[in-house]
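> sharing a sequence plus its predicted fold:
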Amino acid sequence: MANFSFPIAIVSTGIAFIYFSTVFVFINRWFGLGSSPGLMNVVIYSALAVMCVYNYALAVFTDPGRVPSNFQPDIEDSSSSVHEVKRKGGDLRYCQKCSQYKPPRTHHCRICRRCVLKMDHHCTWIDNCVGHANYKIFFVFVTYAVIACIYSLILLLGSLTVVPHNNEQKLEGYLQFVYVTSFILLVAISVALSYLWSWHVQLILRNQTTIEQLEGVRALWLADKGGDVYIHPYNIGSYENLISVLGPNVFCWLCPTTGHVGSGLHFHTSYDKATSA
């Protein structure tokens, strides 16, 4: 679990700057805060901002998933058809640094100095790993952040169409700073987060983590080289993949929650479906 750090301070400052610029400059100049359209936009944008901040805080302070100290892989467990092994030797995966066996999809984070269940990556901007217990939170945060940034950019561009009043001439330098800085931030963040969001949508639909996707590219190459076909074992179908990450209730997929599906120690695989069939 992360502590308050410099990257988190940067993100927090950026969120605050964009929020106050959007509400007190863009919405105020375009509609006026006292008008019905102005109040409506303030309420909608504030709700998005609250969702962003809340999910960001959860992503920062939620433990991504710890391996129980008493974990032992059960190779005779018929309910687990996949036991991940080392690339060399074929032994069960064991972390020498943590002195414990690794459950499937678990990796050791050199920054956090421990193994993380279903580790996706270590994110500098939340100063925490993204893993089994906070992956949905991270994805929901990115989703709301993308919507909020695009919404703010639309309000910024719309407010530029308003003819300025005479009493705004004294704030011309200040307004230029706000507009230029906000535009640069919003375009950069919108592009970066939109790419990140689309990347994770693809991963969720394939039931892959970032690490597994990178390892899968190598596995696919090796399989093609050996005349075999590589199939990602945890891909159980697009809808089932979505449920395994976001939960069974579609209406709660974008709700702020610390809940996650399963223990992170065992996962359904495509071989399970083949065996049951």
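Everything's here; your move.

> for the longest helix along the chain, packing partners?
Counting residues, the longest helix found in the chain (DSSP state H) is helix 172-206. Counting contacts by 3 or more C-beta pairs under 8 Å, 6 or more residues apart in numbering; DSSP states H and E, helix 172-206 packs against helix 6-21, helix 135-159, helix 210-225, helix 238-246. In short, each C-beta sits where N, CA and C put it, glycine included.

> one more pass at 6 Å, please.
Judged by 3 or more C-beta pairs under 6 Å, 6 or more residues apart in numbering; DSSP states H and E, helix 172-206 is in contact with helix 135-159, helix 238-246.

> quick check on residue 121: phi, psi?
The phi/psi pair for residue 121 (degrees, to the nearest 10) reads phi -170, psi 170.

> so what pLDDT did the residue lying closest to it once chain neighbours are set aside get?
In space, and not counting its chain neighbours, residue 121 is closest to residue 210: 4.7 Å by C-beta to C-beta, 6 or more residues apart in numbering. Looking at residue 210, its pLDDT reads 95.

> where's residue 210 relative to residue 199, distance?
For residue 210, the distance to residue 199 equals 8 Å [C-beta to C-beta, to the nearest Å].

> what of residue 47?
Taking C-beta to C-beta as the measure, residue 47 falls 26 Å from residue 199.

> before we move on, what about residue 14?
From residue 14 across to residue 199, the span is 21 Å (C-beta to C-beta).

> same thing with residue 136?
As judged by C-beta to C-beta, residue 136 and residue 199 stand 16 Å apart.

> quick one: which of these two has more around it?
residue 136 (26 against 13; other C-beta atoms under 10 Å).

> just the pLDDT at the more buried one, thanks.
94.

> residues contacting it?
By C-beta atoms under 6 Å, 6 or more residues apart in numbering, the contact list for residue 136 reads residue 246.

> would you map the helices across the stretch 1-150 of the chain?
Taking DSSP state H, counting those that start in this stretch to define them, one finds helices in the stretch 1-150 of the chain at 6-21, 28-30, 36-61, 135-159.

> turn those into JSON lines, including distance to residue 233.
Listed next are the helices of the stretch 1-150 of the chain as JSON lines, based on distance: least, C-beta to C-beta, whole Å:
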{"stretch": "helix 6-21", "distance to residue 233": "34"}
{"stretch": "helix 28-30", "distance to residue 233": "52"}
{"stretch": "helix 36-61", "distance to residue 233": "27"}
{"stretch": "helix 135-159", "distance to residue 233": "18"}
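
> done for today, thanks.
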